[in-house]
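predicted coordinates and the sequence they were generated for:
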Amino acid sequence: MTKIIVTLGPSTNTMEKVSLIKSKNVNFVRINMSHSSIEDLEYFIDLAKQVNIPFIIDTEGSQIRTGVLNSEFISFKENDVIRIYNDEIQGDSEKINLRPWQILDQLYEGDLLYVDFDTLVMRISDTSTINDGYISATIISSGKLGNNKGVVVDQRIERKISLPTLTPKDIEAIQVGLKWNIEHVAASFMRSGDAVNEVRRISKNKMKVISKVECKDAMENLDDIIIESDYILIDRGDLSKEIPIEKIPFTQKIILHRAKKLTTPVFVATNLLESMIENRKPTRAEVHDIINTIVEGAYGLTMAAETAIGKYPIGCINMLNKIINHSNLVINANEIRYKEEKFVKYLESQNYLFDNNIGASIVKPHGGNLVNRVSDNPKDLKYLDSLVSITLNENLLNDLEQIAIGTYSPLEGFMTKNELIHVLDNLRLPNGIIWPIPILLDIKKEDARLIYDGDDVALKNATGEIVGVINVSEKYSYDKNTLCNKFYGQEDLNHPGVRYLNNLNPVFLGGKIKLFKINITINDQYSLTPKQTRRLFDEKNWSRVVGFHTRNVIHMAHEFIQMEALKKGSCDGLFLHPVVGMKKSGDYQSKYIIDSYQINQKKFYPENRTVFSVFSTYSRYGGAKEAIFTALCRKNFGCSHFIIGRDHTGAGVTSPSNKSMDIVERFPDLGIEIIQFNTVSYSKSKNSYVEENPNSPLNEDNKFDISGTEAREMLAKMKNPPEWFMRPEVSEMIINAVKNKEQVFVE
């Protein structure tokens, strides 16, 4: 018969209730130590001992949790800023705390925190105050926060986060269990076989260990955990915070199958009869789930909130027994537990557990897989110091990082000569995948003399720190005039892109890269990686996302285009992604672009329909070719649609190869839908922006017109542009900065 674990709590806290539970053939009882005190533990162990029903010590484990609030829950809105403390405080709308306290030292600006099962997501925005005992975070997806809720960290750059296997409270709970001769401990958030052995050591080898599989680390070390454990418990609730919820059913099958092969019994927990917390009967889906779980070979089932705080705890146990009895009357589970072996083998052959593209509703990355060339474990430092090194400028550091985090997928490094030629001639890589622009690592002749094909070369930032390595597959040169003609269709030095290419060093290095350290900038708090945005869109349940590229402060025409694109594409959300890298003279400094979007998000955009991040790259002024490039980058960030305007990434200098968006039609395999806009003007008669029809443009008497240059000149003179052009809140922010003698524009 399938075993049953029942969680005790306020609904089952009397001798009478526990005695009744024992009479229902329940095999074990426990309490949830994440919501209980040591005094509670002693009380419930005493009840279980008097009734003679086996008790399980349940640990909190190495999970990050929020603290206690001054109310049942607090609602947060997008762009709210809160402080996060490492002390036990009473949280409110301005401050909360996280535990264990060690976690604050390990959070970086740009990391995302997902809180509980609601939509609340916050981005770490300022860690400079850590010595004062707190850091700051900005809400990027509104939601509710309750007391003592689990938190999952989605790191901007992946690294090992160190959390204790057991909390001080867990160790005290185990000691209480040893005093009462408790024989089982359910260890939460087991991340490795070593963690299981640590629990054995703390429990003095006197307790059987039930290891809870509820995080990604556990999935990566699954076999080791199974081997070292007496039992496994699949906590589907916490696991669904770390992997997409739709992957839980097949993941459960894989874990059960692995455990069977290693002869380790498995319990399954979470949402078995959740509806019976309030209702007398379960849903059909719950009954179906339980029977499938039994058929798949679960050794036992665990009820949590149903019996701890639910209205009908005994009714839940009766119903679970009824379903178990029915399953065993109809089938012999022992005979069919291996019926899905072929299916599970297929899932594992497809790398189901770790391939985030499988079953995802988000568009696949360009080329099929999101590149990851980030390493948190660089080679021996002595080896790195022995390498020939080159120092990268800001643009190259940005390209290095964007390659490493997957923005430029499928590129895994800087281009070889063959790749460059294919891109210039065909706008495709040698393997046929669309790629429209060169990504080049240029070096000086004197540096090139020391470098040979096959070498590892250390890549340094301006301070001389090694931030990455390139394995040189090719060192080569390429004629600058040919490069400019093939890419821009001209050699005119008035074109900023032509000037940029002409100023490159004469030798190029091609080869795959590894990134050890991100380029620290003041904009990190606003920067999200493709991995982060793809998860964020998925958590928001967005499948159709439109991306917007800009290097300007938000104005009303752009706002019109963005809202229209949401409608045209029937999109769930809008990804606002301005460029914050090198700019040309007269452009807005990045700070004011960011501030303008923060104003719009807080006051004007529809709630929970936008995600904002900055894009650390630079404009190539490549017209239609760069339009394709910027679209493909947003595809890698998870966008299904992308906005292209009349003069997208242009330089105001026309060229034969880049004079229109017709180039997009050459690529039916682009994999991202382009939403193209013609000239957008403000109509006097309609009192709103309209997209002009090229065949019948607005009469000059029927439209207001102002150029971006004119608007910048007005702002520089501390004059407000008209409200039809820019929201007063945005223009006032810029004018105040000018009054304060801040450098608003690039000089």
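All right, it came through fine. Numbering: from 1, shown residues only.

contacts and neighbour counts: CA atoms only from here.
Will do.

what stretches of the stretch 351-500 of the chain score poorly on pLDDT?
Scanning the stretch 351-500 of the chain with the threshold set as pLDDT under 70 gives 359, 377, 379.

scan this structure for its longest helix.
Determined from DSSP state H, the single longest helix within the chain is helix 313-330.

residues making contact with that helix?
By C-alpha atoms under 8 Å, 6 or more residues apart in numbering, the residues outside helix 313-330 that reach it are 1-2, 11-12, 20-21, 24, 273, 276-277, 280, 287, 290-291, 294-295, 306-307.

and for stretch 581-590?
For stretch 581-590, the surrounding residues in contact (C-alpha under 8 Å, 6+ apart) are 394-395, 398, 551-553, 579-580, 615-619, 743-747.

show me those that map onto strands.
Judged by DSSP state E, strands contain none of the contacts of stretch 581-590.

only the buried subset of those, as a ChimeraX command please.
Buried members of the contacts of stretch 581-590, defined by 16 or more other C-alpha atoms under 10 Å, are picked up in ChimeraX with:
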select :394,395,398,551,552,553,579,580,615,616,617,618,619,744,745
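
looking at the contacts of stretch 581-590, which are in helices?
Per DSSP H, the contacts of stretch 581-590 map to helices at 394-395, 398.

could you look up the next helix or strand downstream of the worst-scoring helix or strand of the chain on mean pLDDT?
Least confident helix or strand of the chain, by mean pLDDT, DSSP states H and E, is helix 333-336 with a mean of 60. Downstream of helix 333-336, the next assigned helix or strand under DSSP states H and E is helix 341-349.

mind checking how far that next one is from the chain centre?
Centroid displacement of helix 341-349 relative to its chain, using C-alpha atoms, centre = their mean, to the nearest Å, is 28 Å.

ranges for the strands of the stretch 151-300 of the chain?
Taking DSSP state E, counting those that start in this stretch to define them, one finds strands in the stretch 151-300 of the chain at 184-187, 208-213, 231-235, 266-269, 300-303.

and the most centrally placed residue in the chain, how close does it get to D111?
Geometric centre of the chain, nearest residue: Q532, 2.3 Å, by C-alpha atoms, centre = their mean. Distance, Q532 to D111, using C-alpha to C-alpha, to the nearest Å: 9 Å.

which neighbours do the two have in common?
The contact sets of Q532 and D111 overlap at 154-156 (C-alpha under 8 Å, 6+ apart).

quick one on the thing from earlier: need the strands of the stretch 151-300 of the chain in a markdown table (columns: mean pLDDT).
Converted to a markdown table, these look like this (pLDDT from 0 to 100):
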| stretch | mean pLDDT |
| --- | --- |
| strand 184-187 | 98 |
| strand 208-213 | 98 |
| strand 231-235 | 97 |
| strand 266-269 | 97 |
| strand 300-303 | 97 |
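
can I get these in TSV with distance to K703 and mean neighbour count?
Converted to TSV, those look like this (distance: least, C-alpha to C-alpha, whole Å; neighbours: other C-alpha atoms under 10 Å):
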stretch	distance to K703	mean neighbour count
strand 184-187	69	25
strand 208-213	63	26
strand 231-235	61	25
strand 266-269	64	23
strand 300-303	66	23
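
distance to S696 added to those strands, as JSON lines?
JSON lines is the format used below for these (distance: least, C-alpha to C-alpha, whole Å):
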{"stretch": "strand 184-187", "distance to S696": "71"}
{"stretch": "strand 208-213", "distance to S696": "64"}
{"stretch": "strand 231-235", "distance to S696": "62"}
{"stretch": "strand 266-269", "distance to S696": "64"}
{"stretch": "strand 300-303", "distance to S696": "67"}
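
related to what we said a few turns ago, closest to L504 among the ones in helices among the contacts of stretch 581-590?
N395 (11.4 Å; C-alpha to C-alpha).

and that closest one, what is it in contact with?
Residues near N395 by C-alpha under 8 Å, 6+ apart: 581-582, 617-618.

and the gap between it and T617?
Counting by C-alpha to C-alpha - N395 and T617 are separated by 7 Å.

what do you get for R284?
Remark: distance between R284 and T617 (C-alpha to C-alpha) = 52 Å.

same question for L427.
If you measure L427 against T617 using C-alpha to C-alpha, the figure is 20 Å.

how about the helices of the stretch 501-650 of the chain, start to end?
In the stretch 501-650 of the chain, the helices defined using DSSP state H, counting those that start in this stretch lie at 530-539, 556-568, 590-603, 623-636.

nearest to S409, of those?
Nearest of the helices of the stretch 501-650 of the chain (C-alpha to C-alpha): helix 623-636, 6.8 Å.

that closest one versus helix 530-539: what angle between them?
With axes from the mean of the first three to the mean of the last three C-alpha atoms, to 10 degrees applied, the angle from helix 623-636 to helix 530-539 works out at 60 degrees.

care to break this protein down by domain?
As given by automatic domain parsing, the domain ranges for the chain are 3-62+165-349, 64-154, 381-515, 524-615+619-739.

may I see those arranged in a markdown table, with distance to P365 as well?
Below are the domains of the chain laid out as a markdown table (distance: least, C-alpha to C-alpha, whole Å):
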| stretch | distance to P365 |
| --- | --- |
| domain 3-62+165-349 | 17 |
| domain 64-154 | 19 |
| domain 381-515 | 7 |
| domain 524-615+619-739 | 5 |
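
for F575, find the nearest of the strands of the stretch 151-300 of the chain.
Of the strands of the stretch 151-300 of the chain, nearest to F575 by C-alpha to C-alpha is strand 231-235, at 33.2 Å.

tell me what the closest one is packed against?
Under the contact criterion of 3 or more C-alpha pairs under 8 Å, 6 or more residues apart in numbering; DSSP states H and E, strand 231-235 touches strand 208-213, strand 266-269.

what comes into contact with it?
208-214, 226, 252, 259, 264-270.

ok so, going back, and the helices of the stretch 501-650 of the chain, which is most packed in?
Mean neighbours per residue, mean count of other C-alpha atoms under 10 Å, is largest over those for helix 623-636, with a mean of 25.

just the buried members of the contacts of helix 313-330?
For those, a burial check counting by 16+ other C-alpha under 10 Å picks out 2, 11-12, 21, 273, 276-277, 287, 290-291, 294-295, 306-307.

filter these down to the ones in helices?
Using DSSP H, the members of the buried ones among the contacts of helix 313-330 that fall in helices are 21, 287, 290-291, 294-295, 306-307.

from those, which shows the smallest pLDDT?
Comparing pLDDT over these, V295 scores lowest. The value there is 87.

how close does that one get to L429?
Distance, V295 to L429, by C-alpha to C-alpha: 49 Å.

ok, back up a step: any chance of JSON lines for the helices and strands packed on strand 231-235, columns distance to V371?
Shown next, in JSON lines, are the helices and strands packed on strand 231-235 (distance: least, C-alpha to C-alpha, whole Å):
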{"stretch": "strand 208-213", "distance to V371": "28"}
{"stretch": "strand 266-269", "distance to V371": "34"}
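
wait, which of the ones you listed is closest to K480?
strand 208-213 (56.7 Å).

what pairs with that closest one, and is each one parallel or antiparallel?
Neighbouring strands of strand 208-213 in its sheet, by DSSP bridges, are strand 184-187 (parallel), strand 231-235 (parallel).

just send those strands back as CSV, with distance to K322 too.
Shown next, in CSV, are these (distance: least, C-alpha to C-alpha, whole Å):
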stretch, distance to K322
strand 184-187, 26
strand 231-235, 22
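
of the ones you listed, which is nearest S640?
Of these, nearest to S640 by C-alpha to C-alpha is strand 231-235, at 32.9 Å.

output the closest one as CSV, nothing but the C-alphas.
Output of strand 231-235 as CSV, limited to C-alpha atoms (Å, rounded to 0.1, in the frame of the first residue of the first chain):
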residue,chain,number,x,y,z
TYR,A,231,14.2,8.1,0.8
ILE,A,232,13.5,10.9,-1.7
LEU,A,233,10.7,13.4,-1.4
ILE,A,234,9.7,15.3,-4.6
ASP,A,235,8.4,18.7,-3.4
